[in-house]
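Asker: I'll drop the sequence and a predicted model, then ask my questions.
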Amino acid sequence: QVQLVESGGGLVQPGGSLRLSCAASGSIFRINTMGWYRQVPGKQRELVAEATSGGSTNYADSVKGRFTISTDTAKNTVYLRMDSLKPEDTAVYYCKIDGLWNRGIYYPPFSSWGQGTQVTVSS
């Protein structure tokens, strides 16, 4: 089992900043992709940002220039720095990590989600 633990959400005023963290634990052989998604009630979960093991990153148009994804491979942790926050960024944010499990003699793929953390941008 690969488990993800998120932290860092909360209430912030418009224009403010927050940093989310997501740490993976378990028998991980390799991580391929680490990403952040968000969801508001009544809407589908959407990709916010993702980073691959090859070093490439991808952002939703709505957050480009304001959010930055980074990773610490030694700690199996992904971060999301959110600056210039807007009320429309209010959502539950989920991390997602895809990779290969270490089962000793074989390495099956896994895809795990964090528990979600609430981000509220309001004055």
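Answerer: The structure has been received and is ready for your questions.
Asker: helix/strand/coil for the residue lying farthest from the centre of the chain?
Answerer: Within the chain, residue 105 marks the point farthest from the mean C-alpha position, 29.5 Å out by C-alpha atoms, centre = their mean. At residue 105 the chain is in coil, as set by DSSP: H, G, I helix; E, B strand; the rest coil.
Asker: where does it land on pLDDT?
Answerer: Model confidence at residue 105, given as pLDDT, is 91.
Asker: ramachandran angles for it?
Answerer: phi -110, psi -10 (degrees, to the nearest 10).
Asker: do you know how far it is from residue 2?
Answerer: Distance of residue 105 to residue 2, computed by C-beta to C-beta, to the nearest Å: 18 Å. In this view, the C-beta of every residue, glycine as well, is placed from N, C-alpha and C.
Asker: ok, now residue 123?
Answerer: From residue 123 over to residue 2 the distance is 38 Å, taken as C-beta to C-beta.
Asker: what about the two, which has more around it?
Answerer: The residue with more neighbours, out of residue 123 and residue 2, is residue 2; 19 against 8, by other C-beta atoms under 10 Å.
Asker: who's in contact with the residue farthest from the centre of the chain?
Answerer: Not one residue lies near residue 105 by C-beta atoms under 8 Å, 6 or more residues apart in numbering.
Asker: I'd guessed residue 102 sits against residue 29; true?
Answerer: Yes: between residue 102 and residue 29 there is a contact under C-beta atoms under 8 Å: 3.9 Å.
Asker: how about the helices in this structure?
Answerer: Read by DSSP state H, the chain holds no helices at all.
Asker: show me where it has its strands.
Answerer: Per DSSP state E, the chain carries strands over the ranges 2-7, 10-12, 18-26, 28-39, 46-52, 57-59, 67-72, 77-82, 91-101, 109-113, 117-121.
Asker: now mean pLDDT too, for those, in TSV please.
Answerer: As requested, the strands of the chain are exported to TSV (pLDDT from 0 to 100):
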stretch	mean pLDDT
strand 2-7	92
strand 10-12	97
strand 18-26	96
strand 28-39	96
strand 46-52	98
strand 57-59	97
strand 67-72	97
strand 77-82	98
strand 91-101	96
strand 109-113	95
strand 117-121	98
